[in-house]
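S.K.: I would like the atomic coordinates for the input below:
(one chain, ligands or ions: 3)
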Amino acid sequence: MNKASCLCGAVAWEFTGEPKAAYHCHCTACRKHHAAAFGTYYLVDEANFRWVEQGTSIRKYRSSESLERAFCSDCGSVVPEAGEKGSTDVYVPAGPHGDGPEVQAHIFTGSKAPWYDITDGLEQHEQFPDGMEQAVYDTPEPRTEDNGHLRGSCLCGAVAYEVLESFSATYHCHCSRCRKARAAAFTSNGFTSGKGIRFLRGYDNVRRYAVPEAELFAHAFCKTCGSGMPRFDEEKDFGVVPFGSLDDDPGAGPAQHIFVGDKASWYDITDDLPQFEQGPQ
Ligand SMILES: [Zn+2]
Ligand SMILES: [Zn+2]
Ligand SMILES: [Zn+2]
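M.R.: Numbers count the residues shown, from 1 in each chain. Ligands and ions are numbered 1, 2, ... in the order given. Model prediction:
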């Protein structure tokens, strides 16, 4: 049995058996929706899938003609979504599953993030592997005037921001909270001071969920589309920018892997970046 939940626990699900497919998707829509390097999905037949807690918090955003993307509107986690009419597929985000079936391939590598290198030996497909129903599509990247600041936006475009400073630290974080919040294999974040992020539009459309028992952990997301968004705290003087939401190329990816003790079983770290069992050193 494979069981998982969103960050706040309002939505929980389980599935049995082997998924029909399991892939890391590098399409722009997945990168934005998860605010991560890529989204990872188990394609599960509805006969093998069950909601444990469906609650009332699930919202959907239509990112293409054939695909809606579901998220928990309380905490912002991406949650499973059934395929369109006639399909019996359920798209289950793998991120919250610490233990889960192995992943077979990378898809949509033609639109992968410029700051993320694929270094493992899994199959790679520019778009879809043969025989897989085409259900996700790339979205055009919203581009803005270049003033030297890195800019980013959510999938629906309601929220946009710029980063006013260079990052003081950058990490790929594998902790279970990050994996649940973004429903992704890991998060890739850049850190600034508390004044390092300026929202250009839609700040009132950003919702923040703070994990009640955590000292600092929170997740910010667009209320309309569920994309992870930056957050900042002027008092504690830090800001966090999800690389996955950037429209501009930061030039390099994060410099370290942290909390690898908490890493998902189905993701292998195959690059040579330094790894830390817990927090940054
Ligand atoms: Zn939730
Ligand atoms: Zn995708
Ligand atoms: Zn949005």
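
S.K.: who's in contact with R59?
M.R.: A70, F71, C72, S73, G226 (Cβ atoms under 8 Å, 6 or more residues apart in numbering). Every residue, glycine included, has its C-beta placed from N, CA and C.

S.K.: Same check on E102?
M.R.: A22, W266.

S.K.: Angles on the backbone of the residue nearest the centre of the chain, please.
M.R.: Closest residue to the average C-alpha location of the chain: H34 at 2.2 Å, with Cα atoms, centre = their mean. Backbone torsions of H34, given as degrees, to the nearest 10, read phi -90, psi -10.

S.K.: ditto for I107
M.R.: Torsion angles at I107 (phi, psi; degrees, to the nearest 10) stand at phi -120, psi 160.

S.K.: these two touch, right, V163 and F191?
M.R.: No. Applying Cβ atoms under 8 Å, one finds V163 not in contact with F191, separated by 10.5 Å.

S.K.: Who has more neighbours out of the two?
M.R.: Between V163 and F191, counted using other Cβ atoms under 10 Å, the more crowded position is V163 (21 against 17).

S.K.: which residues does the more buried one bridge with?
M.R.: L150, I197 (DSSP bridges).

S.K.: Domains of this protein: list them as residue ranges, please.
M.R.: 2-124, 150-262 (automatic domain parsing).

S.K.: Let me know which of those domains is the nearest to D271.
M.R.: Among the domains of the chain, the nearest to D271 by Cβ to Cβ is domain 2-124 (4.7 Å).

S.K.: Check the offset of the closest one from the chain's centre.
M.R.: 9 Å (Cα atoms, centre = their mean, to the nearest Å).

S.K.: What average pLDDT does that domain get?
M.R.: Domain 2-124 carries an average pLDDT of 94.

S.K.: Let me know whether it sits next to ligand 3.
M.R.: No. In terms of Cβ under 5 Å from the ion, no part of domain 2-124 sits within range of ligand 3; the closest distance is 7.2 Å.

S.K.: Now tabulate the contacts of R59 in TSV and tack on neighbour count and secondary structure.
M.R.: Compiled in TSV, those are given as follows (neighbours: other Cβ atoms under 10 Å; DSSP: H, G, I helix; E, B strand; the rest coil):
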residue	neighbour count	secondary structure
A70	20	strand
F71	29	strand
C72	25	strand
S73	21	coil
G226	31	coil
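
S.K.: Give me the common contacts of V163 and F191.
M.R.: By Cβ under 8 Å, 6+ apart, V163 and F191 have these common neighbours: V241.

S.K.: Now Q104: closest residue in space, sequence neighbours ignored.
M.R.: Among residues not flanking Q104 along the chain, A22 sits closest, at 5.4 Å (Cβ to Cβ, 6 or more residues apart in numbering).

S.K.: Please report how far E215 lies from ligand 2.
M.R.: Distance of E215 to ligand 2, computed by Cβ to the ion, to the nearest Å: 33 Å.

S.K.: Please tell me how far V211 sits from H219.
M.R.: V211 sits 8 Å away from H219, going by Cβ to Cβ, to the nearest Å.

S.K.: So if I had to pick from the two, which one is more boxed in?
M.R.: Between V211 and H219, H219 has the larger neighbour count (other Cβ under 10 Å), namely 26 against 16.

S.K.: what helix or strand is the more buried one on?
M.R.: Using DSSP states H and E, H219 sits within strand 218-222.

S.K.: before we move on, back to that, name the residues contacting each of V211 and H219.
M.R.: With contacts taken as Cβ under 8 Å, 6+ apart, the residues that reach both V211 and H219 are L7.

S.K.: Parallel or antiparallel, list what pairs with the strand holding H219.
M.R.: strand 206-210 (antiparallel), strand 228-229 (antiparallel).

S.K.: do that strand and ligand 1 meet?
M.R.: No. Against ligand 1, strand 218-222 shows no contacts by Cβ under 5 Å from the ion, the least distance being 9.4 Å.

S.K.: what's that strand in contact with?
M.R.: Taking Cβ under 8 Å, 6+ apart as the rule, strand 218-222 contacts 7, 35, 71, 75-77, 154-156, 158-159, 181-182, 202, 205-211, 227-231.

S.K.: Let's see the PyMOL selection covering just the buried ones among those.
M.R.: Buried residues among the contacts of strand 218-222 (16 or more other Cβ atoms under 10 Å), as a PyMOL selection:
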select buried, resi 7+35+71+75+76+77+154+155+156+158+159+181+182+202+205+206+207+209+211+227+228+229+230+231
